[in-house]
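Trainee: no sequence on hand, only this structure:
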């Protein structure tokens, strides 16, 4: 079966619930049959960084529908389907946005295309390089990145390529993504995994090595600010879902989780030095997702 929907969202700020654009693509029997896109009034503020990425600002969405306004359209288009997104972030965005408005969650079966890509071409994307822009370029899929409908179309096309390359349909992929990317060797299975840790207390830096069987294996996460849970517990949770936990900003970092900022320690800035350095890398083209602590909790729960 090669019938599914793909989806992508853009957000107004680092809070994934601040959806400001939705793009949906419908694939039936291996062909793109329909597409749908809408701007969304997030009823939230727009971060200049997000505006620089997708080009959408408050004036563009002022007269657009809110998420409750398009709930019935989403239900009509998506209910009961396999819904593909590239990474878990769109899934988290909808979980959090629906909860914010006290709406029924999308009644769909989510499928993460990064997990598909990493298993379809493990020698190329098993450990890194599986971002949408990079994979689309390798597969010669042309699209305008960070436009929700264009991203959703690229996701649909790469899924069809992955299915063709592996002779695997969508239903099979729903099970295959839970299998290891690389079959464990006997030696590796015999070696106990060890977490590297440093620092003490809730506000110190803690390093971890991600579990290779985790859904987000290959991602590198960094925490900044004070979290509601102890930093060590957050690091353990991240490692359990596959993330390496870093202690400083670098090009290896793919996710920055922002907790509460202590204004007395910001030296007159509005954001921490880690946050500012990450944004500087993003402006230079780095693929770093900036998340709230609630967004991080959503990833852990998926």
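Mentor: Alright, I've got the coordinates. Please read all numbers here as calculations on a predicted model, not as lab measurements.
Trainee: give me the residue ranges of the protein where confidence is low.
Mentor: Under the criterion pLDDT under 70, the flagged ranges of the chain are 184-205.
Trainee: how much space separates the residue nearest the centre of it from residue 298?
Mentor: The centroid of the chain falls nearest to residue 89 when counting by CA atoms, centre = their mean (2.8 Å). Distance from residue 89 to residue 298, counting by CB to CB, to the nearest Å: 9 Å. Every residue, glycine included, has its C-beta placed from N, CA and C.
Trainee: can you list residues touching both of those two?
Mentor: Residues touching both residue 89 and residue 298 (CB atoms under 8 Å, 6 or more residues apart in numbering): residue 16.
Trainee: picking up where we left off before, residues in contact with the residue nearest to the centre of the chain?
Mentor: Residues in contact with residue 89, defined by CB under 8 Å, 6+ apart, are 16, 289, 295, 299.
Trainee: those residues in strands, which ones?
Mentor: residue 289 (DSSP state E).
Trainee: let me have the contacts of residue 89 in JSON lines, extended by distance to residue 241 and neighbour count.
Mentor: Rendered in JSON lines, the data for those read as follows (distance: CB to CB, whole Å; neighbours: other CB atoms under 10 Å):
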{"residue": "16", "distance to residue 241": "16", "neighbour count": "26"}
{"residue": "289", "distance to residue 241": "14", "neighbour count": "19"}
{"residue": "295", "distance to residue 241": "13", "neighbour count": "25"}
{"residue": "299", "distance to residue 241": "7", "neighbour count": "26"}
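Trainee: can you lay out the contacts of residue 89 as TSV showing distance to residue 155?
Mentor: Below are the contacts of residue 89 laid out as TSV (distance: CB to CB, whole Å):
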residue	distance to residue 155
16	17
289	16
295	20
299	18
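Trainee: closest one of the contacts of residue 89 to residue 127?
Mentor: Of all the contacts of residue 89, the one with the least separation from residue 127 (CB to CB) is residue 289, at 18.0 Å.
Trainee: what's across from that closest one in the sheet?
Mentor: Bridge pairing for residue 289 (DSSP bridges) gives the partners residue 255.
Trainee: any idea how far it lies from residue 138?
Mentor: Here the criterion is CB to CB. By it, residue 289 lies 21 Å from residue 138.
Trainee: before we move on, what about residue 112?
Mentor: 18 Å.
Trainee: neighbour-wise, which of the two wins?
Mentor: The residue with more neighbours, out of residue 112 and residue 138, is residue 112; 21 against 15, by other CB atoms under 10 Å.
Trainee: isn't residue 132 right up against residue 151?
Mentor: Yes: shown here, residue 132 and residue 151 form a contact pair, counting by CB atoms under 8 Å, at 6.4 Å.
Trainee: shared neighbours, those two?
Mentor: By the contact definition CB under 8 Å, 6+ apart, residue 132 and residue 151 are jointly contacted by 86, 145.
Trainee: residues touching residue 257, list them.
Mentor: 221-224, 227, 234, 291-293, 295-296.
Trainee: what is the nearest of the residues you listed to residue 83?
Mentor: Using CB to CB, the contacts of residue 257 come closest to residue 83 at residue 295, 18.7 Å.
Trainee: wait, what's in contact with the closest one?
Mentor: Counting by CB under 8 Å, 6+ apart, residue 295 has contacts 14-16, 89, 92, 96, 257.
Trainee: filter those residues down to just the ones in strands.
Mentor: Per DSSP E, the contacts of residue 295 map to strands at residue 257.
Trainee: show me the two of the contacts of residue 295 that sit farthest apart.
Mentor: Farthest pair in these, by CB to CB: 96 and 257, 14.1 Å.
Trainee: now do the longest helix belonging to the chain: which elements does it pack against?
Mentor: In the chain, with assignment by DSSP state H, the single longest helix is helix 148-166. For helix 148-166, the packing partners by 3 or more CB pairs under 8 Å, 6 or more residues apart in numbering; DSSP states H and E come out as strand 4-11, strand 19-28, strand 31-39, strand 82-85, helix 113-120, helix 132-138, helix 170-176.
Trainee: what are the buried residues along it?
Mentor: 148-163 (16 or more other CB atoms under 10 Å).
Trainee: spit out the contact partners of the closest residue to residue 254 other than its chain neighbours.
Mentor: Spatially, and ignoring its direct neighbours in sequence, residue 254 is nearest to residue 219 (4.8 Å; CB to CB, 6 or more residues apart in numbering). Listed by CB under 8 Å, 6+ apart, the contact set of residue 219 reads 210, 242-244, 254-255.
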